[in-house]
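Undergrad: I'll drop the sequence and a predicted model, then ask my questions.
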Amino acid sequence: MALRKLERQKKDILEELKKENSIKIILEGEAGVGKTWMAREICESAISGGICYASLWLSLNMKFDDWLLYESIARQLSVHFTSEEWEHDENNMNYEQTLESLKRRILTKLKALRSANQDGNKCLILILDDEGKKMKEDLILPKLKTVIPESDQNMLKVVISRRNDNGGQISEDAGAVIKVEPNVFTIESLSEDESLALLRHSVDKRVAEVSDFGQLSVAIAKKSFHLPAAIILVAGALNYIGQHDSKIWTMESALEEAANDLIPLLQCTYDMLPRRLDDCFWHSMQLFSRYGGVHYNELITHWLIEGYLGSFNHLEEAYDHGHQILMELINCGILKIQEDNIIVMEGLLLNLVDRRHRGFFGTASVGLASVLDDEKWRGLGRVTQIDGIIKTLLTGKKGDNISTIVIDGSRLSREVPQTFFQYMPELEVLVLFNPRLNLLPSSLSKMSNLFVLVLRGCDLLEDVSCIKDLKNLTVLEISNAFSLKKIPDNLFEQMSHIRSLNLSGLSIKSLPSISNLKELRWLNLRQCSRLEDLPKLQAFTNLEVLDLCSATSFKRFQDKNFAPLQKLQILDLSHTKIQRLPIFQDAKVFPYLRNLKRLLLNGCNCLARLPSLKPLSGLQILDLSGAVILKEINDESFEKKDDLKVLDLSGTLISQLSFDNLNICDLKLKGCSNLEELPCTETLKQLELLDLSDACNLVRIKDKSFEHLKLLRCLNLSKTKITSLPSISNLPNLRKLLLRDCSSIKKLQNIEGLVRLEVLDLSGCRSLTVIQEESFKQMSRLQTLNLSEAKIKCIPYLCNPSNLLHLVLRNCTNLEKLPPLDSLSKLEVLDLSGSSSLSEIKAESIECLTSLEILDLSKVKVEGTLSISGLSNLINLRQLSLQDCLTLESEPHLEAFTKLTVLDLSGTAVRSFPSLDKLSQLCKLLLRGCSSLEKLPPLKSLRYLQVLDLSGTRIKKLPDGISELTCLTHLDLPDLKVIEEVGWENINRIPEELNWDQCSISQPVEIHSDNKQKPSILVNGTKFFQFLKENSKLGETYLKQIFFSVYPMNQDTDPTIYRPNDELMNNIYFQLKHFSHPKERVQTMEIHGFNEFPSDLEDILKDVEYVFLVENVCMTSLSDLGGGNMKKMKGCWLERCSELKSILCNGTDVELGENLEILCVSNLPKLQSLCSEKVNFNNLQDLHIDCCTMLESICPLPSQLENLKILQIKFCERLKTVFTSNKSSKCVCPRLHTLRLLELPELTSIGAMLPALDTFDPRRCPKLKDSKESLKRETEPL
């Protein structure tokens, strides 16, 4: 769109530029006034208007060394490949160019452009954008003389943009005058009309349609001081709120807030960013405040290194995720992309306060943007992602010396690590994600320039001593290396420059010596669950971050005083066993600890008392939630706390508090059971959130407690014992009033003044009978009204019913009348379930609610026949519940409801469904008690179905396609009288919850299957086996006829199902994994992926003969399953049980060993021995061992394997001998006839005589001297 004032300014500047003596033009102005836009417009117009023949652009909001400077110019002139082109042509990553040759090529290119210029009067134009931010013109111009043709040096036109030095703040006098002095132009802000036009042009339709938009936009433009960047930022924030479900803002309140003050709106908008954007946004702000701008690839790599892109299997996935986040932040207007793909952030945003609980210092993994200073850190360089590796080249030096490598374990597995890193002597940054390495490559020890080393997710890593000589290391992370039990005490002896040390998730009990790490700033020991204490920390005076969150064994500090740690910014001891904290004051030397902003003690259930917090004068967030034995805080702790914004005492035993002179915004006292009366809040004039929910003994709140809380936005009194509300009618900014389960409140009054209220939740107020008629009269912004279980008879008059989005009146059994439904035009949720006294609702009145997403009319009277097809215009419905709606038609047509996720028709007269194919998003289908329903259509299309309730129907056969419902977690069966009706042969999985209560099955019958293999069925969870336990005959029979694979339910993401691979479904354990098919049916089972042994399987396991144990981290030996539970076990397969150290190791295992006939073990990284000398495998005939890297021998004595016939060992890199007999003469393994050995580099001998040996197949066992003949010959008599 055209902005007339800026266009006039551009015209004036171009006229000045045309003058022969006009060499330098300076564009000055406030941050966001449009200087960069103006410079770009001038540059383009100068080229198209014939003033200049070429342009060079340098963004000086980042620092250039010589190479980056000339490389940037070279890219603009296309004299060599850009990093983006490298991404498409890996061969060009080896491109060799010295700095001098690069400068010559630039000079040659400019001369060629000059020669091609027909008009010799045209000049070269140089744009220095954001000059002074990181670099000044006097540092740049001398470097450019060597690459600019001599004929152009006197004619060079330089355009410089720079901001007025006000730290990026908006000021009232922005851009009042155009021309300050010759060749210096102050860029003007927009006129009011132009500001309004720009705002209208930038906002979405939903924002522009708000009724007061015209009036409020004038105020917004004024608060933006008519600066284009500020207006565009506000528009982006408003659009984001409009497009997303904000729990904080309505569109109206957001506009109103913007009209009052921009910063709170921007602050709150970015606070509501989803987590995946949130961390990246705040990290970018930290990065740009130091470095101005970075290339987009470097920014994504920063996010990756800091751990913001989550867990991933392949680096490409993480990079793509990061690129998606980058584009979202650009689309929101938060980030901007400039020339040469440099990403910057609008200066106005750099002043926002990070109000997140843990902030940047508590969320970044290593804190590169904080711990590495400009003079020491050149950045990651121009990195590029190619073939699963992020890397960069030091192309300014001779040779392709890679400076940065980021690689994941799956990609590294395609290389030989030792040789892969061997030719990277100049490496400065090395990041390894999830490498499958026991030991680090020795070539790492020679990387003398290594600056940053990140080893994340190294779960097999056992030793890190090879890095101890990396003297220049500044950032070191060794995290989630679960096998690393101890770190050498001298590891850090040579690493005196370390500033960031992350050892999170290690199993260490104590730290090695860190006494010489004087530069240490970040110490991250999160989730070091065995760590009990730390060395003294007083000497680490540069320490900024001390993070021990979830170090669940940590009990104490050796330091008694943290006062010397003057730079400490965050101390996180959440979920530790800390009992007492060091004090924070040395009255003579360090009276205050001013920089500590976050003190996080969440879940410290052993913390009984606090030291005085008075010295923490800069404290912003204090979290003591879950400190369940903390009873008091000294009154002086809250003195001089002007910066304290968040105070969370939830779950403590605090009974009295004083809030004098506090400016807190958030006060959380949730679950403070000793709190009987609200402390005086008179001084809390900045309070925005007050949460007293679950303070179950709170009965008294003084009537005038809230009258001074003018900024209060959210008041939560849920589950308290208050009998009436204090006066709150004068809280003009209150948006949320939550009174859930306040069962003692009988009357609601004094709320009519809450003119900005958006959410009113009175659900569970079972004694509430009266709401004053005038209560809602001025609440024009009310969006959510929840009166569930209240005893009211009618709803008071609604001021603006068309704004209401959620109307929830569940179980309002006395409610007789509703407001006119046709006036609720924007309603998204209507829940009237159980409100049985309502006069009959006309179906037509519901049909007009076209925005409905949730409709629940369960047990509600509907006038006439309720036709589903009559609701077909409710195409946005996600949940439809019509339980016990007796007037529902018998054959509902559901094709229109393609977004449905929940359909509940329980207890209705439905007889059949024409089709369910269109309901592809359906997760719950509830048909309980549909006594006329005899058949369901095929369910194959319902691929997301999780819950299916058929109990009480007349269905006699499970519907087609039910075996393909891989997400099904709960199934209620109808009355199937014989097991054949279940159709086992067509089922390949059983959900976590299977309800058989209505089934009459009592006697087992043969399961018929055309396939010779028994059916393989996946069972999620163990509840199904409780049923088999209660029906022992069924259990015994079907364990023989069905191969059950038992997987746990994933409780983190409901409902995630562990999916078996095709091998499991086809039962190829028996076909390919060495278990021969028994001639008769046997009881078999697989147990897969349990962190704790499933106790519900104990009785079932007693009868199992063949068991497969896969990825069960709860096991350290086979006896962990209980010897008494496995008496009948004949065959056992153990795979990827990462904690398993021995198969059979003590006396209780004797019985297990005697019965075992077949044993297969695979990928057991900690397995050290098969058995002890006390245990015999008397009946073991087949033994297969694969990928057990710690195993050095198989068995002490051959006599323990006297019936062994087949032995196969593969990929056991430490195996030295099979048997380790101490006897002088070799022992005999008499029946072993087949011995296969593969990839055993350290194997030197078998250690036994094998008289029956028939097949001997050793492959790639270079040190083995035994042969088939020698193994047999030694048994022959002399």
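TA: Cool, got the structure. Numbers count the residues shown, from 1 in each chain.

Undergrad: Can you list the low-confidence ranges for the stretch 951-1100 of the chain?
TA: 976-1016, 1034, 1038, 1049-1081 (pLDDT under 70).

Undergrad: Quick one: mean pLDDT over stretch 840-852.
TA: Throughout stretch 840-852, pLDDT has a mean value of 85.

Undergrad: list the buried ones in that stretch?
TA: Ile841, Ala843, Ile846, Glu847, Leu849, Leu852 (16 or more other Cβ atoms under 10 Å). Where you see a C-beta, it was placed from the backbone N, CA and C, and this is true even at glycine.

Undergrad: In strands only, show me these.
TA: Among the buried residues of stretch 840-852, the members falling in strands (DSSP state E) are Ile841.

Undergrad: which one among the buried residues of stretch 840-852 gets closest to Ser504?
TA: Checking the buried residues of stretch 840-852 against Ser504 with Cβ to Cβ, the nearest one is Leu852 at 46.9 Å.

Undergrad: For that closest one, give me its contacts.
TA: Leu827, Glu828, Val829, Leu830, Ile846, Leu874, Asn876, Leu877 (Cβ atoms under 8 Å, 6 or more residues apart in numbering).

Undergrad: Quick check: Lys1141 touching Leu1167?
TA: Yes: using Cβ atoms under 8 Å, Lys1141 is in contact with Leu1167, at 6.4 Å.

Undergrad: Break this structure into its domains for me.
TA: 1-82+99-166+179-186, 192-350, 365-525, 860-1002, 1014-1052+1072-1191 (the TED database).

Undergrad: Could you dump these into JSON lines and include mean neighbour count?
TA: As requested, those are exported to JSON lines (neighbours: other Cβ atoms under 10 Å):
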{"stretch": "domain 1-82+99-166+179-186", "mean neighbour count": "17"}
{"stretch": "domain 192-350", "mean neighbour count": "19"}
{"stretch": "domain 365-525", "mean neighbour count": "19"}
{"stretch": "domain 860-1002", "mean neighbour count": "18"}
{"stretch": "domain 1014-1052+1072-1191", "mean neighbour count": "19"}
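
Undergrad: circling back: now, which of the buried residues of stretch 840-852 sits nearest Ser780?
TA: Proximity of those to Ser780 (Cβ to Cβ) peaks at Leu849, which lies at 20.1 Å.

Undergrad: May I ask which helix or strand of this structure has the lowest mean pLDDT?
TA: helix 1062-1065 (a mean of 34; mean pLDDT, DSSP states H and E).

Undergrad: what residue is smack in the middle of the protein?
TA: Gly310 (5.2 Å; Cα atoms, centre = their mean).

Undergrad: on that earlier part again, as JSON lines, the buried residues of stretch 840-852 with distance to Leu216 would be great.
TA: As requested, the buried residues of stretch 840-852 are exported to JSON lines (distance: Cβ to Cβ, whole Å):
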{"residue": "Ile841", "distance to Leu216": "38"}
{"residue": "Ala843", "distance to Leu216": "40"}
{"residue": "Ile846", "distance to Leu216": "35"}
{"residue": "Glu847", "distance to Leu216": "35"}
{"residue": "Leu849", "distance to Leu216": "29"}
{"residue": "Leu852", "distance to Leu216": "30"}
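
Undergrad: Can you show me the strands along the stretch 1001-1150 of the chain?
TA: 1016-1020, 1043-1047, 1084-1088, 1106-1110, 1131-1135, 1142-1144 (DSSP state E, counting those that start in this stretch).

Undergrad: swap in the stretch 1-150 of the chain?
TA: Assigned by DSSP E, counting those that start in this stretch, the stretch 1-150 of the chain shows strands spanning 24-29, 52-59, 123-129.

Undergrad: Contacts for the second one next, please.
TA: Read it as strand 52-59. By Cβ under 8 Å, 6+ apart, the list of residues contacting strand 52-59 reads 43, 46-47, 64, 69, 72-73, 76-77, 110, 113-114, 116-117, 119, 122-130, 140, 144, 157, 292-293, 338-340, 342, 344.

Undergrad: Could I get the average pLDDT for it?
TA: 86.

Undergrad: Kindly report the same for the last one.
TA: The average pLDDT for strand 123-129 rounds to 88.

Undergrad: what do you get for the first one?
TA: Mean per-residue pLDDT for strand 24-29: 88.

Undergrad: CA atoms of it as CSV?
TA: C-alpha atoms of strand 24-29 as CSV (Å, rounded to 0.1, in the frame of the first residue of the first chain):
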residue,chain,number,x,y,z
LYS,A,24,26.9,10.3,1.8
ILE,A,25,23.3,10.3,2.9
ILE,A,26,22.3,9.5,6.4
LEU,A,27,18.8,8.2,7.3
GLU,A,28,18.0,8.7,11.0
GLY,A,29,15.0,7.8,13.0
